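Peer 1: Sequence isn't available, so here's the structure alone:
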């Protein structure tokens, strides 16, 4: 996948927008926000430590995919229809998990296919409600309603925080790093040495965990796609697009139930796809 990704980026194809904004609702949640607007000086950038991109594009325990649009041939496992899937869906009542089958169909890839060829893939779940994410390979996910956590924004620049409560526990999402204005009088920043962390006090113990780190963004930002209790343990889970490039989608699933001691979440799966 990484070899193909590099080739696509070299050709500079324009990104396809596959992520849909969701109107999130939830229970037992309240949100506050603190924003800092200080820009980083060149002197501060020169002193900045080296940041390694996290999480890595590697093999994880679970498979995830956000259906919609046409994926390139090597971005979808052709055996996907054979796997057992749970889907996170949304209807007029709210969010819920349900088992689903998936249908794989060959489709015309506007980037790579000549006329008459169909090497791309479209993925369609059997459940007809709006599909937020499809998940395979995670044990003990139950078909049930899902509490979502409404956040006031999906992207945090360095210096910004979001504080929220869920099931009587306080959490803080914080972003650090360096940002410089790309153009005078334009609210657009170049962001480097970026980290997104989640902090909470669980059973009297303060826990702080890195969720994302990016050395440098290319015309994009880390995007919190969904926040809510997916695995049913009363601790928030997340789906975050952890890409560093505008032409790459990299939704990543973080679950709390499989997390190791001293951590709030564990990275369970990631799906990398390139725009068109």
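Peer 2: All right, it came through fine. None of these values were measured; they are calculated from a predicted model.
Peer 1: Quick check: which ranges of the stretch 151-276 of the chain have low pLDDT?
Peer 2: Segments of the stretch 151-276 of the chain classed as low confidence (criterion: pLDDT under 70) are 276.
Peer 1: Show me the strands in it, by range?
Peer 2: Assignment of strands within the stretch 151-276 of the chain using DSSP state E, counting those that start in this stretch yields the ranges 161-166, 169-181, 189-202, 205-216, 223-228, 237-241, 248-249, 251-255, 266-270, 273-274.
Peer 1: tell me, how many neighbours does residue 209 end up with?
Peer 2: When neighbours are counted by other C-beta atoms under 10 Å, residue 209 registers 15. No exception for glycine: its C-beta is placed from N, CA and C like everyone else's.
Peer 1: With residue 76 instead?
Peer 2: Per other C-beta under 10 Å, the neighbour tally for residue 76 reads 20.
Peer 1: check contacts around the residue nearest to residue 235 when sequence neighbours are not counted.
Peer 2: Spatially, and ignoring its direct neighbours in sequence, residue 235 is nearest to residue 256 (3.8 Å; C-beta to C-beta, 6 or more residues apart in numbering). By C-beta atoms under 8 Å, 6 or more residues apart in numbering, the contact set of residue 256 is 229, 231, 233, 235, 236, 237, 264, 265, 266.
Peer 1: from what I can see the second one touches residue 237, true?
Peer 2: Yes - counting by C-beta atoms under 8 Å, residue 237 is a contact partner of residue 231 at 6.0 Å.
Peer 1: list residues touching both of those two?
Peer 2: Shared contacts of residue 231 and residue 237, counting by C-beta under 8 Å, 6+ apart, come down to 255, 256.
Peer 1: So these two - more neighbours on which side?
Peer 2: Comparing residue 231 with residue 237 by neighbour count (other C-beta under 10 Å), the higher total belongs to residue 237, at 25 against 22.
Peer 1: Leaving out the residues flanking it, which one is nearest to the more buried one?
Peer 2: Residue 237 sits nearest to residue 230 (C-beta to C-beta, 6+ apart), 4.1 Å away.
Peer 1: Can you give me the neighbour number for the one you found?
Peer 2: As a burial measure, the neighbour count of residue 230 was computed by other C-beta under 10 Å and equals 31.
Peer 1: how far away is it from residue 61?
Peer 2: When C-beta to C-beta, to the nearest Å is applied, the distance between residue 230 and residue 61 equals 14 Å.
Peer 1: Kindly report the same for residue 107.
Peer 2: Shown here: residue 107 relative to residue 61, a distance of 29 Å by C-beta to C-beta.
Peer 1: what's the answer for residue 127, then?
Peer 2: Shown here: residue 127 relative to residue 61, a distance of 23 Å by C-beta to C-beta.
Peer 1: Tell me which of those two has more neighbours.
Peer 2: Residue environment comparison for residue 127 versus residue 61 gives the larger neighbour count to residue 127, 18 against 14, counting by other C-beta under 10 Å.
Peer 1: wait, what's in contact with that one?
Peer 2: Residue 127 sits next to 87, 89, 98, 100 when contact means C-beta under 8 Å, 6+ apart.
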